[in-house]
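J.: The following comprises the amino acid sequence and a computationally predicted model.
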Amino acid sequence: MLHGLRSAKARGSPDAGVVITCDDLWVNPTVVIVDDHPGFRSQARALLEAEGFDVVGEADDGVSALAAVNRLRPRVVLLDIQLPDIDGFEVAERLARAGDPPAVVLVSTRGVSAYRRRLARSPARGFISKSELSGNALAALVC
């Protein structure tokens, strides 16, 4: 399920059947995928690249994520909440404190109800359950 800090329906949610395009039509949005499961990273990369995103890097934990974002300067970070070292909420907080932070979208196999309070306080743009990940869902939150 797609959950943004602003109305996804108003921005053309994939649930509404509207295709989302980013403002920078001539440049594919750059993405770093952060997840401790290689299978999910591979699947997310293939899906997002097929839908017009440019995946520029991957990380398998919070410390590696912070280093990758600092080095690669992506426009978007797709960030798993449950990481083996620093949880995704803390990584999002640290990224938000940096100059010119990327748009962070949190993902999890758990539903949004498991994180509702923390999501409300998070600087992340929103949340997408892993089973609902698509280019349109991501674009609805970051474009």
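T.: That came through, no problem.

J.: And the average pLDDT for the lengthiest helix in the chain is what?
T.: Counting residues, the longest helix found in the chain (DSSP state H) is helix 38-50. In this model, helix 38-50 has a mean pLDDT of 97.

J.: how about the strands in this protein?
T.: In the chain, the segments counted as strands under DSSP state E are 2-4, 30-34, 54-59, 76-80, 103-108, 126-129.

J.: quick one on the thing from earlier: and the longest helix of the chain with strand 76-80, angle?
T.: 150 degrees (axes from the mean of the first three to the mean of the last three CA atoms, to 10 degrees).

J.: Could you pull out the buried residues of helix 38-50?
T.: 40-41, 44-45, 48 (16 or more other CB atoms under 10 Å). Quick note: C-beta positions are derived from backbone N, CA and C, even for glycine.

J.: CSV for the strands of the chain, including distance to Arg94, mean pLDDT and mean neighbour count?
T.: Converted to CSV, the strands of the chain look like this (distance: least, CB to CB, whole Å; pLDDT from 0 to 100; neighbours: other CB atoms under 10 Å):
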stretch, distance to Arg94, mean pLDDT, mean neighbour count
strand 2-4, 21, 45, 21
strand 30-34, 12, 98, 24
strand 54-59, 13, 98, 19
strand 76-80, 11, 98, 27
strand 103-108, 10, 98, 24
strand 126-129, 18, 96, 22
